[in-house]
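>>> Sequence and computational prediction follow.
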Amino acid sequence: MMISAPCVVSLTWLLADAQNRPIDELKDPVEFFFGGNDLLAKVEEALDGHVTGDEVQLQLEPEHAFGDYRAELVCFEDRQLFPEVLEPGMAFEGLPAGHATQDMPADAIYVVTEVYPTHVVLDGNHPLAGIALRLTIQVREVREANDDEVEAHSVGSDAPGLLGAGASSSSLH
């Protein structure tokens, strides 16, 4: 079956930065809805018309992946607002209650980048923001989408990924 919307594709991939340094690898195939919310537009564009067994290589500039890095999404908050056990790499949905920084997105995931005795540095950028990405995708299977998947525009899994609107890879967080 040829990839065309709507369908479900089972993929593996190798993700690297523009210097070919590995960032993420999906070794076990994961299903994504093609023609909905599971894949970035440029990824869908590259996969369109391919079949099981094909390999697709593409480069994603920041504007087609996770956007440019925005320094205004970095903030400092009082250390007392956080749990006693706190270390760089921990992530929080939104800023803590009582935060001092104004005009920050409430729905962003903030990653702790530094912990000091008096304050914590948080970054609301996606971990891959501002990075050009090289992606090698293997098409493992293509199948028709069922009615539930078509209605949801998603396979509804917690698929790892850099690839879609709601996806998040465990190695990236």
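Good, I have the coordinates. Numbers count the residues shown, from 1 in each chain.

>>> which residues does residue 141 form a beta bridge with?
Taking DSSP bridges, one finds residue 10 as the beta-bridge partners of residue 141.

>>> ok now do it, which residues does it touch?
By Cβ atoms under 8 Å, 6 or more residues apart in numbering, the residues touching residue 141 are 9-10, 29, 52. (Glycine included, C-beta is placed from N, CA and C.)

>>> Pick out the most distant pair among those.
Across these, the longest distance by Cβ to Cβ is 10.6 Å; it joins 29 and 52.

>>> what is in contact with those two at once?
Residues touching both residue 29 and residue 52 comprise 140-141, with contact defined as Cβ under 8 Å, 6+ apart.

>>> For residue 90, grab the count of nearby residues.
Other residues within reach of residue 90 by the criterion other Cβ atoms under 10 Å amount to 17.

>>> Residue 138 now?
As a burial measure, residue 138 scores 17 neighbours (other Cβ under 10 Å).

>>> next one: residue 23
Residue 23 sits with 18 neighbouring residues when counted by other Cβ under 10 Å.

>>> what do you get for the one 10 residues further on?
Other residues within reach of residue 33, judged by other Cβ under 10 Å, total 25.

>>> So it is in contact with residue 8, correct?
Yes: the pair residue 33 and residue 8 passes the contact test of Cβ atoms under 8 Å, sitting 5.9 Å apart.

>>> shared neighbours, these two?
Joint contacts of residue 33 and residue 8 (Cβ under 8 Å, 6+ apart) are 145, 149, 155.
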